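**Q** pasting a predicted model and its sequence here:
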Amino acid sequence: MELRWGWLVGVFVCLVCLLGIVAANEDEKTIRLESKSSPMLVKVNGVGITEADLERTFVLRMIPVEMREGVREEILGQMIDTRLMREYLLKQKVTVSNDEVDGQIKRLEELLARRSDTKPVLDKMKENRKQLREEMAVPLMWRAWMRKTITDDQILEYFEKHREKLDGTKIRVSHILLKAPPGTSEAESERKATELKDLRGEIVSGKQSFEEAAKAKSEAPSGKEGGAIGTISWEGAMPDSFCEVAFQLPINEVSEPFRTHFGWHLCVVKEKIPGDLSVEDARREIIAKVSEEEWERKLTELRNSARIELIGK
């Protein structure tokens, strides 16, 4: 059973890409990477994570010095999660080969080597190989565990629960948008939501058609076309927060006002076109989704039962 592991194995690489590949500056020369004398920050089931461990992780993840205080708690939390998951997987006697782990590290090093400013980071990676190997091994161990534990019944159950997301179902939909992007004041956002609620009342009562209202009020480019977006699928141009509402609507029923990161919407579905993809067509995607959900569920369980003792800053 092959898995698509961009969501988990790629976490390390994504951190590099999202935070920016930044070479360790002169301050890195002063970092103490020996854990023996470093202040203890937290104990996880009796095993400590020190300030040096955290600093080492900052270096390995290429997090610039000026950003570290802002992400400190988040990264420490991820270190706790990794520790808990590794402990759990080892108890399940899950192992991965050295070749597999080294292959992941090699791909990461090749990615970094394409940049001229990452030699200090690559040097630090070599110095801290043991921690890097342990961290990179955890998602690979999880993949091996999922290969053993995800069943065909789970896959089928997920497919049935999320069929329209997975089978290629499409809808022909129109919408009216009043823009309220992030940063819009609460008062302004509420005003636009109320305006759309009143507009919906006029449409439902027959005072004007949806198309007429869209042409008069919508701030989306589709407004001039009577709000018509065209045919969309779950993986199309519209955000999930839009699809969550639109795909649940009965044909020709006008939605209540709802918000996405674009603003406030009304929408109406004109046609639903059933998909023809099977559970086997969607198997790889389902396995990735189930694996991600199981990862989060297991981490919550592990955290709830773990002895996590915060000690330092």
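**A** Okay, I see it.

**Q** which phi and psi does A228 have?
**A** Backbone geometry at A228, expressed as degrees, to the nearest 10, gives phi -70, psi 120.

**Q** quickly list what it is bridged to.
**A** Note on A228: beta-bridge partners by DSSP bridges are S174.

**Q** tell me who's in contact with it.
**A** Listed by CB atoms under 8 Å, 6 or more residues apart in numbering, the contact partners of A228 are 174, 211, 222. Heads up, the C-betas are built off the backbone N, CA and C, glycines and all.

**Q** are any of the residues you listed buried, and which?
**A** Neighbour-count burial (16 or more other CB atoms under 10 Å) applied to the contacts of A228 gives 174, 211, 222.

**Q** of these, which is the nearest to V71?
**A** Compare each of the buried ones among the contacts of A228 with V71 using CB to CB and the shortest gap goes to S222, at 38.8 Å.

**Q** my read is the closest one is in a helix, agree?
**A** Yes. Under DSSP: H, G, I helix; E, B strand; the rest coil, S222 falls within a helix.

**Q** does it touch A214 like I think?
**A** Yes. Counting by CB atoms under 8 Å, A214 is a contact partner of S222 at 7.3 Å.

**Q** how about the residue lying closest to L156 once chain neighbours are set aside, secondary structure?
**A** Counting by CB to CB, 6 or more residues apart in numbering, L156 lies nearest to V279, which is 5.8 Å off, once chain neighbours are set aside. Here V279 takes the coil state, with states given by three-state DSSP.

**Q** residues in contact with V279?
**A** By CB under 8 Å, 6+ apart, the neighbours of V279 are 155-156, 159, 166, 286.

**Q** buried among the residues you listed? Make that a ChimeraX selection.
**A** Selection of buried members from those for ChimeraX, criterion 16+ other CB under 10 Å:
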select :155,159,166,286
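
**Q** which among the contacts of V279 gets closest to D81?
**A** Out of the contacts of V279, the member with the shortest distance to D81 (by CB to CB) is I286, at 23.8 Å.

**Q** in the helix or strand that contains that closest one, what counts as buried?
**A** Counting by DSSP states H and E, the element that carries I286 is helix 283-305. Neighbour-count burial for helix 283-305 flags 283, 285-291, 294-295, 298-299, 302 (criterion: 16+ other CB under 10 Å).

**Q** show me what it is packed against.
**A** helix 68-91, helix 129-149, helix 152-161 (3 or more CB pairs under 8 Å, 6 or more residues apart in numbering; DSSP states H and E).

**Q** deepest in the core, which of those helices is it.
**A** Among these, ranked by average contacts under mean count of other CB atoms under 10 Å, first place goes to helix 129-149 (a mean of 18).

**Q** that one: how far from the chain's middle?
**A** Mean C-alpha position of helix 129-149 versus that of the full chain (CA atoms, centre = their mean, to the nearest Å) differs by 19 Å.

**Q** other SSEs contacting that helix?
**A** Here helix 129-149 touches helix 11-19, helix 51-60, helix 68-91, helix 98-113, helix 283-305, going by 3+ CB pairs under 8 Å, 6+ apart.

**Q** what's the angle from it to helix 283-305?
**A** 110 degrees (axes from the mean of the first three to the mean of the last three CA atoms, to 10 degrees).

**Q** just want the angle from helix 129-149 to helix 98-113.
**A** 120 degrees.

**Q** so for S222 and A214, which residues contact both of them?
**A** Common contact partners of S222 and A214 (CB under 8 Å, 6+ apart): 174-175.

**Q** let's have the helices and strands packed on helix 283-305 in JSON lines, adding distance to E190 and mean pLDDT.
**A** Conversion of those to JSON lines gives the following (distance: least, CB to CB, whole Å; pLDDT from 0 to 100):
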{"stretch": "helix 68-91", "distance to E190": "31", "mean pLDDT": "94"}
{"stretch": "helix 129-149", "distance to E190": "43", "mean pLDDT": "88"}
{"stretch": "helix 152-161", "distance to E190": "34", "mean pLDDT": "95"}
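
**Q** so for W7, what's the pLDDT?
**A** If you check W7, the pLDDT there is 39.

**Q** the closest residue in space to E256 that isn't next to it in sequence: neighbouring residues, count only.
**A** The shortest distance from E256 to any residue other than its chain neighbours is 7.0 Å, reached at R200 (CB to CB, 6+ apart). By other CB atoms under 10 Å, the residues close to R200 number 19.

**Q** ok, now how distant is M85 from A137?
**A** According to CB to CB, to the nearest Å, M85 stands 10 Å off from A137.
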